[in-house]
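Colleague: fold the following.
(one chain, ligands or ions: 1)
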Amino acid sequence: MVSDSQHEREPNRHEPPSQQGSNDASSFDQQVHQAIYWQQAPASGADPVVRATQYLGLLRDLSVEPRWIALAHVADPPGEALSWIGQHIHRVNQQLNAILRDLLGCFETVSYPDMQIFAAPIAPQAGVDGFCCDGPSPMESDFPNGTFRERSTPITLMVDAGRIVPADWPGLVAHELAHAIARIPGHGVEFGRAIAHLCLAQDLPMPSPQLDAEALSYWPPCRHNPQPELFWLGRSAF
Ligand SMILES: [Zn+2]
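Modeller: This is a model prediction of the structure:
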(Lines give C-alpha, C1' and ligand atoms only; values in the text may rest on other atoms or scores of the structure.)
Protein backbone atom coordinates (compact mmCIF):
# COMPACT_ATOMS: atom_id res chain seq x y z
CA MET A 1 0.00 0.00 0.00
CA VAL A 2 1.30 3.44 -0.87
CA SER A 3 1.76 6.38 1.44
CA ASP A 4 -1.58 8.10 1.52
CA SER A 5 -1.16 11.07 3.81
CA GLN A 6 -2.82 13.48 1.40
CA HIS A 7 -6.04 11.54 1.87
CA GLU A 8 -6.22 11.60 5.64
CA ARG A 9 -7.82 14.99 6.20
CA GLU A 10 -11.45 14.64 7.19
CA PRO A 11 -13.96 16.34 4.94
CA ASN A 12 -17.29 17.58 6.20
CA ARG A 13 -19.55 14.54 6.02
CA HIS A 14 -22.69 16.55 5.52
CA GLU A 15 -21.82 18.79 2.61
CA PRO A 16 -19.99 17.84 -0.57
CA PRO A 17 -16.81 19.85 -1.07
CA SER A 18 -17.21 22.80 -3.39
CA GLN A 19 -17.26 21.90 -7.04
CA GLN A 20 -16.46 25.48 -8.00
CA GLY A 21 -13.05 26.72 -9.04
CA SER A 22 -11.75 23.46 -10.40
CA ASN A 23 -8.86 25.30 -12.01
CA ASP A 24 -7.92 27.60 -9.13
CA ALA A 25 -5.12 27.20 -6.62
CA SER A 26 -7.27 25.27 -4.14
CA SER A 27 -8.54 22.76 -6.67
CA PHE A 28 -6.15 20.07 -5.49
CA ASP A 29 -7.46 20.06 -1.92
CA GLN A 30 -11.04 20.30 -3.10
CA GLN A 31 -10.72 17.43 -5.50
CA VAL A 32 -8.99 15.17 -2.97
CA HIS A 33 -11.84 15.95 -0.58
CA GLN A 34 -14.38 15.18 -3.27
CA ALA A 35 -13.00 11.68 -3.79
CA ILE A 36 -13.03 10.97 -0.04
CA TYR A 37 -16.48 12.47 0.40
CA TRP A 38 -17.98 10.17 -2.21
CA GLN A 39 -16.51 7.13 -0.46
CA GLN A 40 -18.55 7.91 2.64
CA ALA A 41 -22.08 6.83 3.50
CA PRO A 42 -24.71 9.55 3.21
CA ALA A 43 -25.62 11.51 6.30
CA SER A 44 -28.79 10.30 7.97
CA GLY A 45 -31.79 11.97 6.42
CA ALA A 46 -29.96 12.95 3.24
CA ASP A 47 -32.17 12.96 0.15
CA PRO A 48 -30.68 10.25 -2.12
CA VAL A 49 -31.89 11.92 -5.31
CA VAL A 50 -30.33 15.25 -4.36
CA ARG A 51 -27.12 13.44 -3.40
CA ALA A 52 -27.04 11.52 -6.69
CA THR A 53 -27.64 14.71 -8.65
CA GLN A 54 -24.67 16.32 -6.88
CA TYR A 55 -22.55 13.26 -7.64
CA LEU A 56 -23.41 13.21 -11.34
CA GLY A 57 -22.73 16.95 -11.51
CA LEU A 58 -19.23 16.37 -10.13
CA LEU A 59 -18.61 13.53 -12.59
CA ARG A 60 -19.67 15.75 -15.51
CA ASP A 61 -17.39 18.52 -14.25
CA LEU A 62 -14.43 16.12 -14.17
CA SER A 63 -15.35 14.19 -17.30
CA VAL A 64 -13.68 14.16 -20.69
CA GLU A 65 -17.11 15.03 -22.11
CA PRO A 66 -19.95 15.98 -19.73
CA ARG A 67 -22.49 14.23 -21.96
CA TRP A 68 -20.64 10.93 -21.45
CA ILE A 69 -22.10 10.79 -17.92
CA ALA A 70 -25.69 9.72 -18.44
CA LEU A 71 -28.51 7.61 -17.05
CA ALA A 72 -30.95 7.63 -19.98
CA HIS A 73 -29.73 4.18 -21.08
CA VAL A 74 -30.22 2.87 -17.51
CA ALA A 75 -33.61 4.28 -16.54
CA ASP A 76 -35.82 6.88 -18.15
CA PRO A 77 -37.05 8.63 -16.06
CA PRO A 78 -33.95 8.16 -13.91
CA GLY A 79 -35.54 8.26 -10.45
CA GLU A 80 -34.83 4.66 -9.47
CA ALA A 81 -31.20 4.89 -10.59
CA LEU A 82 -30.72 8.23 -8.81
CA SER A 83 -32.13 6.80 -5.63
CA TRP A 84 -29.75 3.84 -5.74
CA ILE A 85 -26.73 5.99 -6.57
CA GLY A 86 -27.54 8.39 -3.74
CA GLN A 87 -27.71 5.57 -1.23
CA HIS A 88 -24.99 3.20 -2.41
CA ILE A 89 -22.41 4.84 -4.67
CA HIS A 90 -19.99 5.21 -1.72
CA ARG A 91 -19.75 1.42 -1.45
CA VAL A 92 -18.75 1.12 -5.11
CA ASN A 93 -16.26 3.97 -4.79
CA GLN A 94 -14.75 2.37 -1.67
CA GLN A 95 -14.13 -0.86 -3.58
CA LEU A 96 -12.71 0.92 -6.62
CA ASN A 97 -10.46 3.06 -4.43
CA ALA A 98 -9.18 -0.03 -2.61
CA ILE A 99 -8.37 -1.61 -5.98
CA LEU A 100 -6.63 1.58 -7.14
CA ARG A 101 -4.53 1.85 -3.95
CA ASP A 102 -3.57 -1.81 -4.27
CA LEU A 103 -2.50 -1.29 -7.88
CA LEU A 104 -0.56 1.86 -6.99
CA GLY A 105 1.38 -0.23 -4.47
CA CYS A 106 3.22 -1.67 -7.48
CA PHE A 107 4.92 1.69 -8.12
CA GLU A 108 7.29 3.94 -6.24
CA THR A 109 5.20 6.66 -4.58
CA VAL A 110 7.29 9.35 -6.28
CA SER A 111 6.70 7.94 -9.75
CA TYR A 112 3.06 8.91 -10.11
CA PRO A 113 0.88 11.95 -9.36
CA ASP A 114 -2.08 11.83 -7.01
CA MET A 115 -4.99 9.79 -8.31
CA GLN A 116 -8.67 9.54 -7.57
CA ILE A 117 -11.34 7.21 -8.90
CA PHE A 118 -15.09 7.38 -9.30
CA ALA A 119 -17.73 4.92 -10.49
CA ALA A 120 -19.62 6.54 -13.37
CA PRO A 121 -22.60 5.58 -15.52
CA ILE A 122 -21.06 6.15 -18.96
CA ALA A 123 -23.29 6.68 -21.98
CA PRO A 124 -23.02 3.86 -24.55
CA GLN A 125 -22.35 6.49 -27.22
CA ALA A 126 -19.01 7.25 -25.53
CA GLY A 127 -17.83 3.81 -26.60
CA VAL A 128 -15.59 3.38 -23.55
CA ASP A 129 -15.74 1.45 -20.28
CA GLY A 130 -13.64 4.06 -18.53
CA PHE A 131 -11.38 7.04 -19.03
CA CYS A 132 -8.61 9.03 -17.45
CA CYS A 133 -8.44 12.84 -17.10
CA ASP A 134 -5.20 14.65 -16.40
CA GLY A 135 -3.79 18.14 -16.70
CA PRO A 136 -5.26 21.49 -17.75
CA SER A 137 -5.03 21.41 -21.55
CA PRO A 138 -7.92 20.20 -23.70
CA MET A 139 -5.99 17.40 -25.39
CA GLU A 140 -8.38 14.55 -26.02
CA SER A 141 -8.56 11.38 -28.01
CA ASP A 142 -10.85 8.39 -28.07
CA PHE A 143 -9.98 4.74 -27.78
CA PRO A 144 -12.09 1.60 -27.91
CA ASN A 145 -11.50 0.74 -24.27
CA GLY A 146 -10.59 4.03 -22.70
CA THR A 147 -9.39 7.50 -23.35
CA PHE A 148 -7.10 10.12 -21.92
CA ARG A 149 -7.43 13.86 -21.53
CA GLU A 150 -5.13 16.44 -20.06
CA ARG A 151 -6.83 18.18 -17.14
CA SER A 152 -6.21 19.53 -13.66
CA THR A 153 -4.57 17.47 -10.92
CA PRO A 154 -5.13 15.03 -9.34
CA ILE A 155 -5.55 12.55 -12.16
CA THR A 156 -9.13 11.30 -12.22
CA LEU A 157 -10.04 7.79 -13.30
CA MET A 158 -13.68 7.10 -14.10
CA VAL A 159 -14.94 3.60 -14.76
CA ASP A 160 -18.39 2.23 -15.48
CA ALA A 161 -18.53 -0.45 -12.80
CA GLY A 162 -21.84 -1.68 -14.22
CA ARG A 163 -20.32 -2.66 -17.55
CA ILE A 164 -17.71 -5.06 -16.17
CA VAL A 165 -18.35 -7.97 -13.81
CA PRO A 166 -17.05 -7.13 -10.31
CA ALA A 167 -14.46 -9.92 -10.36
CA ASP A 168 -12.78 -8.11 -13.27
CA TRP A 169 -12.86 -4.59 -11.79
CA PRO A 170 -9.11 -4.85 -11.01
CA GLY A 171 -8.44 -5.27 -14.74
CA LEU A 172 -10.72 -2.35 -15.60
CA VAL A 173 -8.99 -0.07 -13.09
CA ALA A 174 -5.55 -1.33 -14.14
CA HIS A 175 -6.25 -0.36 -17.76
CA GLU A 176 -7.15 3.23 -16.87
CA LEU A 177 -4.33 3.45 -14.34
CA ALA A 178 -1.87 2.38 -17.04
CA HIS A 179 -3.04 5.39 -19.08
CA ALA A 180 -2.44 7.63 -16.09
CA ILE A 181 1.03 6.19 -15.49
CA ALA A 182 1.98 6.36 -19.17
CA ARG A 183 1.02 10.07 -19.30
CA ILE A 184 0.75 9.81 -23.09
CA PRO A 185 -2.56 9.17 -24.90
CA GLY A 186 -2.98 5.92 -26.75
CA HIS A 187 -1.85 2.36 -26.29
CA GLY A 188 1.76 2.69 -27.40
CA VAL A 189 5.05 1.69 -25.83
CA GLU A 190 4.57 3.65 -22.59
CA PHE A 191 1.09 2.25 -22.05
CA GLY A 192 2.31 -1.25 -22.86
CA ARG A 193 5.08 -0.95 -20.31
CA ALA A 194 2.71 0.29 -17.61
CA ILE A 195 0.01 -2.32 -18.20
CA ALA A 196 2.60 -5.13 -18.32
CA HIS A 197 4.02 -3.94 -14.99
CA LEU A 198 0.56 -3.85 -13.41
CA CYS A 199 -0.45 -7.24 -14.80
CA LEU A 200 2.73 -8.89 -13.59
CA ALA A 201 2.48 -7.39 -10.12
CA GLN A 202 -1.25 -8.09 -9.73
CA ASP A 203 -1.37 -11.56 -11.26
CA LEU A 204 -3.54 -10.36 -14.14
CA PRO A 205 -3.12 -11.94 -17.61
CA MET A 206 0.19 -10.74 -19.05
CA PRO A 207 0.10 -9.07 -22.46
CA SER A 208 2.30 -10.71 -25.04
CA PRO A 209 5.18 -8.45 -26.16
CA GLN A 210 3.83 -8.88 -29.69
CA LEU A 211 0.48 -7.25 -28.91
CA ASP A 212 -0.19 -4.15 -31.00
CA ALA A 213 -1.92 -0.98 -29.81
CA GLU A 214 -5.31 -2.23 -30.95
CA ALA A 215 -5.00 -5.39 -28.86
CA LEU A 216 -3.64 -3.44 -25.90
CA SER A 217 -6.72 -1.19 -26.02
CA TYR A 218 -8.66 -4.20 -24.72
CA TRP A 219 -6.07 -5.40 -22.20
CA PRO A 220 -6.41 -7.06 -19.75
CA PRO A 221 -9.48 -9.03 -20.91
CA CYS A 222 -12.52 -8.03 -18.83
CA ARG A 223 -15.85 -9.83 -18.84
CA HIS A 224 -18.71 -7.53 -19.72
CA ASN A 225 -21.92 -7.52 -17.74
CA PRO A 226 -24.73 -8.38 -20.19
CA GLN A 227 -27.16 -6.05 -18.39
CA PRO A 228 -25.20 -3.09 -17.00
CA GLU A 229 -28.40 -1.18 -16.28
CA LEU A 230 -29.27 -3.67 -13.53
CA PHE A 231 -26.14 -2.64 -11.67
CA TRP A 232 -27.13 1.03 -11.66
CA LEU A 233 -30.60 0.08 -10.47
CA GLY A 234 -29.16 -1.87 -7.56
CA ARG A 235 -30.37 -5.22 -8.84
CA SER A 236 -27.01 -6.98 -9.19
CA ALA A 237 -24.63 -7.92 -6.41
CA PHE A 238 -21.12 -6.52 -6.17
ZN1 LIG B 1 -7.18 2.42 -23.11
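Colleague: which stretch of helix or strand covers residue 80?
Modeller: In this assignment (DSSP states H and E), residue 80 forms part of helix 79-104.
Colleague: which other helices and strands does that helix contact?
Modeller: helix 48-62, strand 115-119, helix 169-182, helix 189-202, helix 228-232 (3 or more C-beta pairs under 8 Å, 6 or more residues apart in numbering; DSSP states H and E). Where you see a C-beta, it was placed from the backbone N, CA and C, and this is true even at glycine.
Colleague: how does it look with 6 Å?
Modeller: For helix 79-104, the packing partners by 3 or more C-beta pairs under 6 Å, 6 or more residues apart in numbering; DSSP states H and E come out as helix 48-62, strand 115-119, helix 169-182.
Colleague: that one: how far from the chain's middle?
Modeller: Its chain's C-alpha centre lies 10 Å from the corresponding centre of helix 79-104 when counted by C-alpha atoms, centre = their mean, to the nearest Å.
Colleague: now swap in stretch 108-127 and tell me
Modeller: Between the centre of stretch 108-127 and the centre of its host chain there is 3 Å, according to C-alpha atoms, centre = their mean.
Colleague: by mean pLDDT, flag the weakest helix or strand of the protein.
Modeller: Among the secondary structure pieces of the chain, namely its helices and strands, strand 140-141 has the lowest mean (mean pLDDT, DSSP states H and E), a mean of 38.
Colleague: quick one, what contacts residue 205?
Modeller: Counting by C-beta atoms under 6 Å, 6 or more residues apart in numbering, residue 205 touches residue 220.
Colleague: gap between it and residue 96?
Modeller: Distance of residue 205 to residue 96, given as C-beta to C-beta, to the nearest Å: 20 Å.
Colleague: how about the residue most central in space within the chain, secondary structure?
Modeller: Within the chain, one residue has its C-alpha closest to the average C-alpha position: by C-alpha atoms, centre = their mean, that is residue 158, at 2.2 Å. Each residue gets one of three states, and residue 158 gets strand by DSSP: H, G, I helix; E, B strand; the rest coil.
Colleague: who are the neighbours in contact with it?
Modeller: Residue 158 makes contact with 118, 120, 130-131 under the criterion C-beta under 6 Å, 6+ apart.
Colleague: now do residue 132
Modeller: Residue 132 sits next to 148, 157, 176, 179-180 when contact means C-beta under 6 Å, 6+ apart.
Colleague: and those residues, which are buried?
Modeller: Buried residues within those, defined by neighbour count using 16 or more other C-beta atoms under 10 Å: 148, 157, 176, 179-180.
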